[in-house]
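In: Provided below are the primary sequence and the corresponding predicted coordinates.
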Amino acid sequence: MSDVRKLTVAALTRVEGEGALRVRVVDGKVEIAEFNIYEPPRFFERLVKGREIREVPDIVARICGICPVAYQMSACHALEKALGIRVTPEIDALRRLLYCGEWLQSHALHMHLLDAPDFLGCESGFTMPPEHAPFLERGLRMKTIGNQLISVIGGRAVHPINVTVGGFYKAPSGADVRGMLPDLEWGLAAAEATVAQVSRFEFPQFSAPHEYVSLHADDDACREYPMNHGRVVAVAGGHTTLDIPVADYATHFVERQVPQSTALHCLIEPGSRPYCCGPLARMATSRHQLPPRAAAAAAACGIDWPTDNPFHGIVARGIELVAAFEEAVRLARGYRQELSVPRVEYRPQPGAGCHATEAPRGLLYHRYRIGDDGLIAEAVIVPPTSQSQARVEEDLKAYLPTVLDRDDAEATRRCEHLIRTYDPCISCATHFLRIERHSPGRPS
Amino acid sequence: MRPRLAVYKFASCDGCQLQVIDVLGRARPHLGELAELLDIEHFLEARSRIGAGPYDVGLVEGSVSTPHDIERIKEIRQQCRFLVTIGACATAGGIQALRNWGQIDDFLSAVYATPAYIDTLATSDPVAAHVKVDFELRGCPIDPGQLASVISAFCVGRKPRLPGYSVCVECKERGTVCVAVAKGIPCLGPVTQAGCGGICPAHDRECFGCYGPDRQEPNLVSLTGFYERHGANRDSLGRLVQSFNAWAPEFRTEHDRLSGDAP
């Protein structure tokens, strides 16, 4: 005889979009842990069919208001490969600077307004008690600086308008870019202080073996902490389990539709293994390429990288804040408006190309085919959250037994925190977390 | 008692909600004070605590695109004294309204292998197609300055005052050389609502209508006719008016006229 205990909260909050979770525990054993995505489908892969090549960066940006630059970067690179063109090193550097802006605003938002409240025992960044005001204000200022950097290069902070296939419509002025330097230098020191602070948070004692996937750029073509370039690398337990060019992505990763989700689950073959991408994955594959001050912050924070505790995500994000500020300072100092040309011209022609870049939340893969009419004939987009979704469910199964001795509200809150720490970017509305518990000795 | 604010999300990218967070939490004192003027009672993305309705002002992001959405927007309407749509999705159906022209099944199978699991309407609708809306704040995304102005207007009980002119005026204000006249680039600036600051022409490219048709009877037929006479491709012009505000009546009608779908 089993008994049923249901834990319900009205809403899974402080995540971007609509997600739900359904957990069922029978006799102390977790039977079901589903992380559901109810985001109403918007069919972007279909929406870009029949559109002009130059329209794609503007359209796919609208998949995500928090990481539009990532969508624009993956789309531009994939289409440039399809067209057989290469941008100049100056354009490439400006793209990296733009991407730094996106990492800054996205990471600062998640760390301070979404994730930190769980560690600080409050329900929202907006209602943090006064003793945390310096932490919060510093975080919001870092976010604002990220927004300003995107505006200076991209024209506006959300859905930048200056990015195009081949480069930029217009090179930003040298004075505007270098005018960011005082704020960027302030941000670099501020981010270091934030890492020191978040690494002293009390982390739940939990670890689960993870397979991490990210780009890794360490060859003659490019050596850097990954953003726009690299091979797709997977590591698990200290070993490299995959190392392929992006062109082979589709043969090693599968997308699977599951009934509980409007997002497709992505798994590594063989064995349909769940995996994790994002800051923890990049730290696992590429921490040796962090710029010096970020590397120092990583070494001093008291965590052995790579970590198998997903709650360390806030520290990894902080280290990447340092890295993004550090890179932004370097790139802004080196920027000259006199980019010989802001963009490389092209003629629409049939072809196919794929590319992946590192969105704040992880690997973002795009593939396009251009038809004989020079319009988009086919598109495939694999966003980071659907890649980590299966991994989140595995973690929930492992984590639940450690919280079942808590009362309903606390067990539920801890599960929500685990989901938040992944920074899922799910879009939408009602949220519903329910834990059904079946155990012997209690009437059902 | 301070006005009580609620923020809701439907089918959308989250970008307009991000502008709300930016306005309420920005490290800029004069805007940060806005958060002191009201109580954020329902905002899932920003707070775990949810205050019970009714609310004084409800901001809605996103388009109505599932049967459940229709029920939900009706409940929200009952909970909010003033209902304000924020952004192109809630105001005009968004880029996802492109499916309003096509067969939904075709869209479904292009993305999902087993379409049966997916519960979705044939159309992506503006909020106003289902409930009364008190004010529509346009933009893809909305402008933080305009948002702050609208929120504070409702907080003090006056009508929001936003520009009723086109993007052309903003280009003149910032001294941008007209890309249509000087470079022959087909630009929607003359028929698009102001609000973005004229950023696209300032970056040597066309306005593509993020803020939707302007409120002063925009003459799209005249504009696209001008571009066609100067060599623009008709299909290209059809695509230009069919983007983030494609389902706004003026843009929709012009697209259909250009593509021969309508008189």
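Out: Now that the structure is in, tell me what you want to look at.

In: If we ignore the residues flanking it in sequence, what's nearest B:D22?
Out: Using Cβ to Cβ, 6 or more residues apart in numbering or on different chains and skipping the chain neighbours, the partner closest in space to B:D22 is B:P144 (5.4 Å). No exception for glycine: its C-beta is placed from N, CA and C like everyone else's.

In: Likewise for B:S48?
Out: Nearest one to B:S48, counting by Cβ to Cβ, 6+ apart, is A:E123 at 3.9 Å.

In: neighbours around the one you found, how many?
Out: 17 (other Cβ atoms under 10 Å in any protein chain shown).

In: One more: A:G65?
Out: Residues near A:G65, counting by other Cβ under 10 Å: 25.

In: ok, it to chain B distance?
Out: Using Cβ to the nearest Cβ, to the nearest Å, A:G65 is found at 2 Å from chain B.

In: Contacts only, for that residue.
Out: A:158-159, B:12-18, B:141 (Cβ atoms under 8 Å, 6 or more residues apart in numbering or on different chains).

In: can you rerun that using 10 Å?
Out: Counting by Cβ atoms under 10 Å, 6 or more residues apart in numbering or on different chains, A:G65 touches A:16, A:157-159, A:425, A:427, B:12-19, B:61, B:87, B:140-141.

In: do the same with A:H132
Out: By Cβ under 10 Å, 6+ apart, the contact set of A:H132 is A:112, A:116-117, A:120-122, A:125, A:139, A:197.

In: And the pLDDT at residue 44?
Out: The chain I'm using is chain A. On the pLDDT scale, A:F44 is placed at 86.

In: that's the other chain; I wanted chain B
Out: At B:L44, the predicted lDDT confidence score is 89.

In: Show me which residues of the stretch 151-263 of chain B are close to chain A?
Out: When proximity is defined as Cβ under 10 Å from any Cβ of the partner chain, the stretch 151-263 of chain B approaches chain A at B:196-197, B:199-200, B:202-208, B:210, B:233, B:235-236, B:239-240, B:242-244.

In: which phi and psi does the residue nearest to B:S48 have?
Out: phi -100, psi -10 (degrees, to the nearest 10).

In: Quick one: the helices in the stretch 51-200 of chain A, in order.
Out: Per DSSP state H, counting those that start in this stretch, the stretch 51-200 of chain A carries helices over the ranges A:56-61, A:68-83, A:89-109, A:116-120, A:133-154, A:174-178, A:181-198.

In: Might you calculate how far the fourth one sits from the centre of the chain?
Out: The chain centroid and the centroid of helix A:116-120 are separated by 20 Å under Cα atoms, centre = their mean, to the nearest Å.

In: one step back: determine which of the helices of the stretch 51-200 of chain A approaches B:R215 most closely.
Out: Closest to B:R215 of the helices of the stretch 51-200 of chain A, according to Cβ to Cβ: helix A:56-61, at 23.8 Å.

In: May I have the closest one exported as CSV, CA atoms only?
Out: The C-alpha coordinates for helix A:56-61 follow below in CSV (Å, rounded to 0.1, in the frame of the first residue of the first chain):
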residue,chain,number,x,y,z
VAL,A,56,17.6,36.2,-41.0
PRO,A,57,19.7,37.9,-38.2
ASP,A,58,16.8,40.3,-37.4
ILE,A,59,14.2,37.5,-37.4
VAL,A,60,16.1,34.9,-35.3
ALA,A,61,17.0,37.5,-32.7
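
In: Could you give the average pLDDT over it?
Out: The model assigns helix A:56-61 a mean pLDDT of 96.

In: Ok, stretch A:201-212 next?
Out: For stretch A:201-212, the mean pLDDT works out to 93.

In: For the residue nearest to B:S48, give its distance to A:R413.
Out: 10 Å (Cβ to Cβ, to the nearest Å).

In: what sits in contact with each of those two?
Out: B:S48.

In: just the buried members of the residues of the stretch 151-263 of chain B next to chain A?
Out: B:196-197, B:199-200, B:202-208, B:210, B:239-240, B:242-244 (16 or more other Cβ atoms under 10 Å in any protein chain shown).

In: Among those residues, which are located in helices?
Out: B:199-200, B:202, B:239-240 (DSSP state H).

In: Save these as TSV, and put in pLDDT and distance to A:L363 too.
Out: Formatted as TSV, these follow (pLDDT from 0 to 100; distance: Cβ to Cβ, whole Å):
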residue	pLDDT	distance to A:L363
B:I199	98	30
B:C200	98	30
B:A202	98	34
B:R239	96	30
B:L240	97	33
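
In: In the stretch 151-300 of chain A, where is pLDDT below threshold?
Out: Counting by pLDDT under 70, the stretch 151-300 of chain A shows low-confidence ranges at A:257-264.

In: mind listing the strands for it?
Out: A:163-164, A:167-168, A:211-219, A:222-224, A:231-236, A:239-244, A:253-256, A:265-268 (DSSP state E, counting those that start in this stretch).

In: just the stretch 1-150 of chain B next, same as before
Out: Using DSSP E, counting those that start in this stretch, strands in the stretch 1-150 of chain B cover B:4-9, B:39-43, B:55-61, B:80-86, B:135-137.

In: Parallel or antiparallel, which strands does the fourth one pair with?
Out: In other words, strand B:80-86. In the sheet, strand B:80-86 lines up against strand B:55-61 (parallel), strand B:135-137 (parallel) (DSSP bridges).

In: Can you point out the buried residues in that strand?
Out: B:80, B:82-86.

In: Tell me which stretches of the stretch 301-444 of chain A form helices.
Out: Assigned by DSSP H, counting those that start in this stretch, the stretch 301-444 of chain A shows helices spanning A:313-334, A:384-399, A:408-421.

In: and these as CSV, adding mean pLDDT and mean neighbour count?
Out: Output for those, formatted as CSV (pLDDT from 0 to 100; neighbours: other Cβ atoms under 10 Å in any protein chain shown):
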stretch, mean pLDDT, mean neighbour count
helix A:313-334, 98, 25
helix A:384-399, 81, 23
helix A:408-421, 87, 19
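
In: CSV please, covering the ones you listed and showing distance to chain B.
Out: Converted to CSV, the helices of the stretch 301-444 of chain A look like this (distance: least, Cβ to the nearest Cβ, whole Å):
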stretch, distance to chain B
helix A:313-334, 15
helix A:384-399, 12
helix A:408-421, 8
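
In: could these be laid out in TSV, adding distance to A:I32?
Out: Compiled in TSV, these are given as follows (distance: least, Cβ to Cβ, whole Å):
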stretch	distance to A:I32
helix A:313-334	24
helix A:384-399	9
helix A:408-421	13
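
In: Quick check: which of those helices is nearest to B:P3?
Out: B:P3 lies closest to helix A:408-421 among the helices of the stretch 301-444 of chain A, at 28.7 Å (Cβ to Cβ).

In: The closest one packs against which elements?
Out: Counting by 3 or more Cβ pairs under 10 Å, 6 or more residues apart in numbering or on different chains; DSSP states H and E, the packing neighbours recorded for helix A:408-421 are strand A:2-9, strand A:19-26, strand A:29-37, helix A:116-120, helix A:313-334, helix A:384-399, strand A:432-440.
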